[in-house]
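1. Below: sequence and its predicted model.
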Amino acid sequence: MSSLAQTQPALAAASLPKATAEPAWVKWTLVTVALTFLTLFLVLPLSVVLYGAFELGVKVWWDAITEPDALAAIRLTLFVLVIVVPLNAIFGIAIAWAIAKFEFKGKTLLISIIDMPFAISPVVVGLIFVILFGSQGWLGPWLSAHDIKIVFAVPGIIIVILFGTLPFVARELIPLMQQQGKEEEEASLTLGASGWKTFWYVTLPNIKWGLIYGVVLCNARAMGEFGAVAIVSGRIRGETNTMPLHIEVLYNEYMFTAAFAVSSLLTGLALVTIVIKSWVEYKDERRHKTA
Amino acid sequence: MKPLINTAKKLALAAIIASGSFAATATTLLNVSYDPTREFYREYNQLFNTHWQAQDNPAATVRQSHGGSGSQARSVIDGLDADVVTLALAYDVDALRKRGELIPENWQSRLPLNSSPYTSTIVLLVRKGNPKNIKDWDDLVRDDVQVITPNPKTSGGARWNYLAAWGYALKKYGSDEKAYEFVEKIYKNVPVLDPAARGATNTFVQRRIGDVFIAWENEAFLAVEQLGRGEYEIIVPSTSILAEPPVTVVDKNVDRKGTRKAAEAYLNFLYSDEAQHLAAKHYYRPAKPEIAKQYLEKFPQVNFFTVDEVFAGWDNAQETHFNDGGRFDAILEAIARARR
């Protein structure tokens, strides 16, 4: 892909008219439309969140996010991330590896199935797991007989978030690994390296940036997931409320400033994620240029 | 390899530490409740703990879960581990028996006063100074008055508003036909029929549409308190509907967890004088008559009727009025015809 992109412009510049030769007004109209859109639907709402959060001063903001229920929500959200993100990274690598390096029947079907969590509404995802693990559900009687709690407890939250974020790493890695092919691995193996060693020294460095990018996206979604979590959490304050649920609770109780304060924290975490993502993209681009 | 194993070890350790902080301590009770009771139970849990520990019991941690009453009941049926439920409607609590066999048939007679330690009613919230001079339900059918109430098809709370108006008209004018006309006139005065209570509150408070907002008394107080003191006034109508939010121990859960003693004590103490005063502080009417008497200024006397008396129970009210093809659908059609 990248080599193609680099050779084509040279050819095009010589023989064909410039692709961006439209009159200036077209350019400026497009720029204006894009900027207006961004301002209206991104910058403005974000400023409202920040304004609402700090309207009554930093102390009120600080009190809102250090209140025990808020702290519990933050802790739970981070705890879920610690479990979900590594698992999805491992799954993503495994599935991308299987698809890119091996030939088997039903591969196309498998690729489509990976996208399912994106297509199914989060509410349905939540209900699926309540029907599976709830006490009226299929596995419910068995689970309660063994005193195992899944839905309305932390495991349920982890499961639905895991489900919802399943595709992120895999989607990033599949095209990357398919494009890279398997020659380097084959070379490594013929030179006598073990499978693990090949993975560690050949495959992983090759997919490093794609992996980080996928992990960052997975991370962002896992923090913000609402619909499915709302159904399986049971909304126990200080125990099964994640940050997005806690924000809803605060809003419903007319505690607007506190709701905005926790929102601003969640937004802040998302911004950090985006900064990391941009940095990864920048690094990746540099790597392509030097390669 | 080494670093990977080390990282894995660290993660596992972090997981163990973190899950430890979610684990239960000595006696933990889970109270599954509905939305507006949060402040009340937050304070009540402390009050109960003081009382409970004074009787030589170890401290009890009470966890709270709040949400829409119907969906909270659904969650308990599906396995949310409630020791006690404190919901908005007997109908929702009864679902625990009908669909989950979690409580016995006689649950509502196990505690005094229909197992409802506090009550509430439907009142009228108007703007500062009551510019349209609204005094009772009759003023809501006037042509110059705009009424805000959500859609009873989609909002549970709005059904109470509808039934309160219906019951008033039935008592005053004596027939179902007259009551129907009266309620139809009220809904003709509704400029925006929001799907849920929250949206209706926003319409009245933030968008400043409408002259009168039909609301729960406890939520009306909260709105006056939180959304602008002095900007609204509560008008208590002469006749209104009595809501008795019931409480019960969830037998199947407490017996499995061995928390029955604490759970029962938790609910019994709701009938203590201290708890009754606390309910009044949080805008619920104390159910015990001798305590209620002390709050006549805050909660003026109302001619109460219940859903059971006037509508022969919730199942009947639902079927006659709110199901497809019911009375409310007829009202909506009539209004649509009139506007055409």
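-> Received it, and whenever you're ready, just let me know what you need.
2. which phi and psi does whichever residue of the stretch 101-250 of chain B sits closest to chain A have?
-> Closest contact between the stretch 101-250 of chain B and chain A, by CB to the nearest CB, is at B:Gln226 (4.3 Å). For the C-beta atoms, the positions are set from N, CA and C on the backbone; glycine is no exception. For B:Gln226, the backbone dihedrals (degrees, to the nearest 10) come out as phi -90, psi -30.
3. With adjacent residues omitted, what lies nearest to it?
-> Excluding the flanking residues, the one nearest B:Gln226 by CB to CB, 6 or more residues apart in numbering or on different chains is A:Tyr254, at 4.3 Å.
4. A:Ser144 now?
-> Using CB to CB, 6+ apart and skipping residues adjacent in sequence, the residue nearest A:Ser144 is A:Ser135, 5.7 Å away.
5. What is the neighbour count of B:Leu296?
-> Neighbour count for B:Leu296, taken as other CB atoms under 10 Å in any protein chain shown: 9.
6. helices and strands around the helix or strand containing A:Thr257, which ones?
-> Taking DSSP states H and E as the definition, one finds A:Thr257 inside helix A:256-290. Secondary-structure packing of helix A:256-290 (3 or more CB pairs under 8 Å, 6 or more residues apart in numbering or on different chains; DSSP states H and E): helix A:44-54, helix A:58-66, helix A:68-101, helix A:204-224, helix A:243-252.
7. re the thing from before, just to be sure, the residue nearest to B:Gln226 is in a helix?
-> No: per DSSP: H, G, I helix; E, B strand; the rest coil, A:Tyr254 lies outside any helix segment and is coil.
8. contacting residues for it?
-> Shown in contact with A:Tyr254 (CB atoms under 8 Å, 6 or more residues apart in numbering or on different chains): B:Leu222, B:Ala223, B:Gln226, B:Leu227.
9. Can you name the element that comes right after the helix or strand hosting B:Arg63?
-> Per DSSP H and E, B:Arg63 falls inside strand B:60-67. Next along the chain after strand B:60-67, taking DSSP H and E as the criterion, comes helix B:69-77.
10. now the angle from that next one to strand B:60-67?
-> Per axes from the mean of the first three to the mean of the last three CA atoms, to 10 degrees, the angle that helix B:69-77 makes with strand B:60-67 is 130 degrees.
11. ok, and what's touching helix B:69-77?
-> For helix B:69-77, using CB under 8 Å, 6+ apart, the contacting residues are A:135-136, A:152, A:234-235, B:32-35, B:65-67, B:80, B:82, B:85, B:87-89, B:92-93, B:95-96, B:99-100, B:102, B:156, B:250.
12. list the contacts for B:Arg198?
-> With contacts defined as CB under 8 Å, 6+ apart, the neighbours of B:Arg198 are A:Asn252.
13. Mind telling me what element it is part of?
-> helix B:197-205.
14. Give the next helix or strand downstream of that helix.
-> strand B:212-216.
15. Count the neighbours of residue 200 for me.
-> In the absence of a named chain, this looks at chain A. As a burial measure, A:Trp200 scores 14 neighbours (other CB under 10 Å).
16. Can you look at chain B instead?
-> Neighbours of B:Ala200 (other CB under 10 Å): 27.
17. Could I get the contacting residues of it?
-> Contacts of B:Ala200 were listed using CB under 8 Å, 6+ apart, and they are B:Ile148, B:Thr149, B:Pro150, B:Ser155, B:Ala158, B:Val192, B:Asp194, B:Phe213.
18. Give the closest residue to the residue most central in space within chain A in space, chain neighbours not counted.
-> Nearest to the mean C-alpha position of chain A, by CA atoms, centre = their mean, lies A:Cys218 at 2.2 Å. Leaving aside its sequence neighbours, A:Cys218 sits nearest to A:Phe168 (CB to CB, 6+ apart; 3.9 Å).
19. Look up phi and psi at the one you found.
-> Backbone phi and psi, for A:Phe168 under degrees, to the nearest 10, turn out to be phi -60, psi -60.
20. wait, it sits on A:Asn88?
-> Yes: assessed by CB atoms under 8 Å, A:Phe168 is found in contact with A:Asn88 at 6.6 Å.
21. Helix or strand: which one has B:Ile241?
-> Using DSSP H and E, B:Ile241 falls in strand B:239-243.
22. now that strand: mean pLDDT?
-> Taken as a whole, strand B:239-243 has an average pLDDT of 94.
23. And stretch A:224-241, by the same measure?
-> Stretch A:224-241 comes out at a mean pLDDT of 92.
24. Residue 238: how many residues sit nearby?
-> Just going to use chain A. What A:Gly238 shows, counting by other CB under 10 Å, is a neighbour count of 19.
25. Correction: the question concerned chain B.
-> B:Ser238: 15 surrounding residues under other CB under 10 Å.
26. From B:Asp81, how far out is it?
-> Relative to B:Asp81, B:Ser238 is positioned 44 Å away (CB to CB, to the nearest Å).
27. what does B:Val310 give?
-> Per CB to CB, B:Val310 is found 37 Å from B:Asp81.
28. Then A:Gly192 would be within a helix, right?
-> No: counting by three-state DSSP, A:Gly192 is not found in a helix; it is coil.
29. Can you get me a residue count around it?
-> If we define neighbours as other CB under 10 Å, then A:Gly192 has 7 of them.
30. what's it sitting at in phi/psi?
-> Taking degrees, to the nearest 10 as the convention, A:Gly192 sits at phi 100, psi 10.
31. B:Asp194 too?
-> Torsion angles, degrees, to the nearest 10, at B:Asp194: phi -70, psi 150.
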